[in-house]
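Chemist: Give the three-dimensional model of this entry:
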Amino acid sequence: MKARRVKGIDPEAPLRSGAGRIVRARVEELCSFAEEALEPSAAIAQHDMRIAAKRLRYVLEITGGCFGEEAEAARRAARELQGVLGDIHDCDVMLPRAGRIESLATMLRTRRELLFQRFSDLWGAEVGKGTWAALERRL
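Modeler: As a prediction, this is how the structure comes out:
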């Protein structure tokens, strides 16, 4: 998945201004995948959401100091989302490779179901806490 371009960044402007535009674009990108990714079988949207979480996390690691506690909370949430979505992706990659080893395939399917529930709960908790909205207000 290719990152969305961020327009209107002035290299002469203060860091907070340009960073705010980038962070806002990355939050919007992350949230744009949520509806589809919350479908259990939406492996592609889940993978794309993982990449979006990674991009948001990394930009917050560099610029989070400009945006206070809200940025730190969002960075932690993005890191956790990236991790659980990465684990789901690992199951998706390994399942076709399990071949006729039914016990392995069963274990991978079960693990994926548990991870998906964890992802769904995590996303719901962060939306419920207002993590993304708080960050956007801070920008």
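Chemist: Going by C-alpha atoms from here, please, whenever you check contacts or count neighbours.
Modeler: Fine.
Chemist: List the contacts of the residue nearest the centre of the chain.
Modeler: Closest residue to the average C-alpha location of the chain: residue 53 at 2.6 Å, with C-alpha atoms, centre = their mean. By C-alpha atoms under 8 Å, 6 or more residues apart in numbering, the residues touching residue 53 are 26, 30, 78-79, 81-82.
Chemist: 10 Å instead?
Modeler: 26-27, 29-31, 47, 74-75, 77-83, 85 (C-alpha atoms under 10 Å, 6 or more residues apart in numbering).
Chemist: again with residue 61
Modeler: 55, 71-72, 75-76.
Chemist: One more: residue 132?
Modeler: Counted by C-alpha under 10 Å, 6+ apart, residue 132 has contacts 24, 27-28, 30-31, 70-71, 73-74, 77-78, 126, 138.
Chemist: Residue 1 too?
Modeler: 44-45, 47-49, 51-52.
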